[in-house]
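**Q** Okay, sequence plus prediction incoming.
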Amino acid sequence: MTACAIEPTAQDEDGDECGEPRTDGTQCAITADGAYAARLAPAGDCLFPERWTLDGPEPYAVPLPGNQPEEPGTEVQPMGDGRVLIRRLVDGRHAFSLLYPTGPGTGELLLGAVECPDPDTRLRLLPPAPGGEKAYALAVGRRSTAVWLVAGGAFGPEHLAMVPGRCSGGVWLDRAGRMLALDREVGGRTKAIVVDLERDGEVSPLLQIAADSDDRLLAADPDSGLLLIRSDAPSPGREDRLGWGVIGSTLPVRFPECLRLPDCTVTPFAIQPGQVLMPENCGVALRIDGPAGTWFAVWRPAERQLLQLPAPEGWLAGAGLWTEDGVLRLPYATQEVPCGVARFAVPRGAGEIGGPGAGGNPGVAGATGGTGETRPEDPVRDGTGGAPGEAAPGPSKPSQPDPPVPVAPRPVPLREAPLNGRVAVG
């Protein structure tokens, strides 16, 4: 399981451009176990919910149209049992329902609604929770943020926690769906915090790289403890850098130079699961947005290179999942293949792009290469990759290591940390 954040900042929540979900059919949510996906699929100028089944021999899509097309701003999310949660804005209230196929039609189970009295409050779904039985939403107000259980409760939507400050992001840190990481803005600084949903929303700090830095959590893997972080700590106030750390570790956060691409935004969207106690061996899939378009890359903390690969045509950008044996699966939709999954086998130490057709799908690039291994305690050094569609160059000469940035010690893993001493919120 990979838990990844939706990455608008607290300021972005103010506007429709980032505060509202995309409605071009490219936004896709996948359950934590990778069994189902859901999106708003385009049909001409209209949008309708669509569920994908991903855990069978071949992926297939089931349309779930309602009585009328969906409005812009509607969100969908797959549940673990195959139903699809939908959030609609109806008469100023956020209405939630579960959709499911009923022969030729679509069944709908009404769950209830959440009303935000303040018109400046922005409500959106959090990433799919572990287990797939529950779904949550975040309501960001002017001075506080509410966490709602919107599916899986006993009596409809349930208010769980009120967190002081404006929060963004949203990353699950455990497999029980208890520990939720949010990026909270207070006093002009943004720091990642942990909200314990089973203790009335008690809050504890997660990232404190420097006193004057903005530290956001983008992704986490509960098996290995790997954290992907965006922070301006290496160059305060000038540039956000992508780095990595390990939950519960006292080692400094590393900011590899190979993850620093000029004029590009690099965002993690999937982490290889099953690498227990081996965070440096986890494969990390990264979305890259730049002047040449959108493509993806694969990287491991133990390696010094970023392997850049062309995205499959019709990729639902930012969506994908890893298997435990190191195969990256990217969903895509084209006119010829309305429901497809491209498979990329990326072994450790891959340093160049292989031939087409890897993974049994036409036009899909595989990857082979040398070892490229380092010890976990070695500093992460320089590495570069080619432009989209080009082979990545061979390993370059090692450069001087990046200076480590101190991080506040967290001597025990979060799941073992004592719960006393946290700030009660409610």
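**A** Arrived safely.

**Q** The closest residue in space to G274 that isn't next to it in sequence and P273, how far apart?
**A** Residue nearest to G274 in three dimensions, not counting chain neighbours: E324, with 3.5 Å by C-beta to C-beta, 6 or more residues apart in numbering. Just so you know, the C-beta spots here come from the backbone N, C-alpha and C atoms, and that holds for glycine as well. Remark: distance between E324 and P273 (C-beta to C-beta, to the nearest Å) = 6 Å.

**Q** related to what we said a few turns ago, can you give me phi and psi for the residue nearest to G274?
**A** phi -60, psi -30 (degrees, to the nearest 10).

**Q** mind listing what it touches?
**A** By C-beta atoms under 8 Å, 6 or more residues apart in numbering, the contact set of E324 is 272-274.

**Q** For ChimeraX, what selects the buried ones among those residues?
**A** For the buried members of the contacts of E324, the matching ChimeraX selection, counting by 16 or more other C-beta atoms under 10 Å, is:
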select :272,273,274
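
**Q** and which of the contacts of E324 is nearest to S97?
**A** P273 (30.6 Å; C-beta to C-beta).

**Q** Confirm for me that that closest one is in contact with A219.
**A** No. The pair P273 and A219 fails to qualify as a contact (C-beta atoms under 8 Å) at a distance of 11.9 Å.

**Q** Next, the buried residues of stretch 143-161.
**A** 145-152, 157-158, 160-161.

**Q** Distance to L125 added to these, as CSV?
**A** As requested, those are exported to CSV (distance: C-beta to C-beta, whole Å):
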residue, distance to L125
T145, 14
A146, 13
V147, 12
W148, 10
L149, 12
V150, 8
A151, 10
G152, 13
P157, 12
E158, 15
L160, 14
A161, 16
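
**Q** Which members of these occur in strands, if any?
**A** Among the buried residues of stretch 143-161, the ones falling in strands (DSSP state E) are 145-151, 158, 160-161.

**Q** Show me which pair in these is furthest apart.
**A** T145 and A151 (19.3 Å).

**Q** residues in contact with G107?
**A** So G107 contacts 99-101 (C-beta under 8 Å, 6+ apart).

**Q** quick one: which of the residues you listed has the most company?
**A** When neighbours are taken as other C-beta atoms under 10 Å, the top entry among these is L99 (22 neighbours).

**Q** That residue and L123, how far apart?
**A** On the measure of C-beta to C-beta, L99 and L123 end up 19 Å apart.

**Q** And for T102?
**A** From T102 to L123 the distance is 28 Å (C-beta to C-beta).

**Q** G82 against W52, yeah?
**A** No. Assessed by C-beta under 8 Å, G82 is found out of contact with W52, at 10.4 Å.

**Q** Are there residues contacting both of the two? Which ones?
**A** Common neighbours of G82 and W52 (C-beta under 8 Å, 6+ apart) are Y36.
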